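In: Next one to model:
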Amino acid sequence: MAKAKSPEPFEVACPCCSAVLKVDPDTRAVISHVAPIKPKTFADFDAAAKAMREQEVRKESIFRQAVDAEKNKASLLEKKFQEAVKKAKENPEEGRPLRDFDLD
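Out: Down below sits the predicted model:
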């Protein structure tokens, strides 16, 4: 009897990362993997350095905003608390949650 020729491995493109996978049909295993070519983020070193400086400025600005928010946090919470106390005093029954034995 003649031995049946095994099918050739086939290539599949990964839908997630666009890598090329070579698959053996007999074992259904990946034989090889070719990663996709990633484009360069920056054309030259000067553009990369400029982007890094801009990123540093942006990070510093975000940090300053966070520091300012943290400084004002205590006074903001105090104002919210005073408003909630005032509202609770005006309508004492409205803010109280219902309990099962209150319904009897």
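In: what about residue 48, neighbour count?
Out: As a burial measure, residue 48 scores 13 neighbours (other Cβ atoms under 10 Å). All C-beta spots, glycine's among them, are computed from the backbone N, C-alpha and C.
In: gap between it and residue 12?
Out: Per Cβ to Cβ, to the nearest Å, residue 48 is found 35 Å from residue 12.
In: Please apply the same query to residue 57.
Out: Counting by Cβ to Cβ, the separation of residue 57 from residue 12 is 45 Å.
In: try residue 101
Out: For residue 101, the distance to residue 12 - Cβ to Cβ - is 66 Å.
In: who has more neighbours, these two?
Out: Remark: of residue 101 and residue 12, residue 12 carries more neighbours, 11 against 6, as counted by other Cβ under 10 Å.
In: buried stuff in stretch 19-37?
Out: Buried residues in stretch 19-37, counting neighbours by 16 or more other Cβ atoms under 10 Å, are absent.
In: Just the C-alphas of it, formatted as CSV.
Out: Backbone C-alpha positions of stretch 19-37 (Å, rounded to 0.1, in the frame of the first residue of the first chain) are rendered in CSV as follows:
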residue,chain,number,x,y,z
ALA,A,19,1.2,37.8,13.1
VAL,A,20,1.6,35.0,10.7
LEU,A,21,1.2,31.5,12.2
LYS,A,22,2.3,28.3,10.3
VAL,A,23,0.1,25.4,11.5
ASP,A,24,0.7,21.7,11.0
PRO,A,25,-2.7,20.1,9.9
ASP,A,26,-1.9,16.6,11.3
THR,A,27,-1.0,17.7,14.9
ARG,A,28,-2.9,21.0,14.8
ALA,A,29,0.1,22.7,16.4
VAL,A,30,1.7,26.0,15.6
ILE,A,31,5.1,25.3,13.9
SER,A,32,6.3,28.8,13.5
HIS,A,33,5.3,32.3,14.4
VAL,A,34,6.3,35.5,12.5
ALA,A,35,5.6,38.7,14.4
PRO,A,36,4.2,41.6,12.5
ILE,A,37,6.5,44.5,11.7
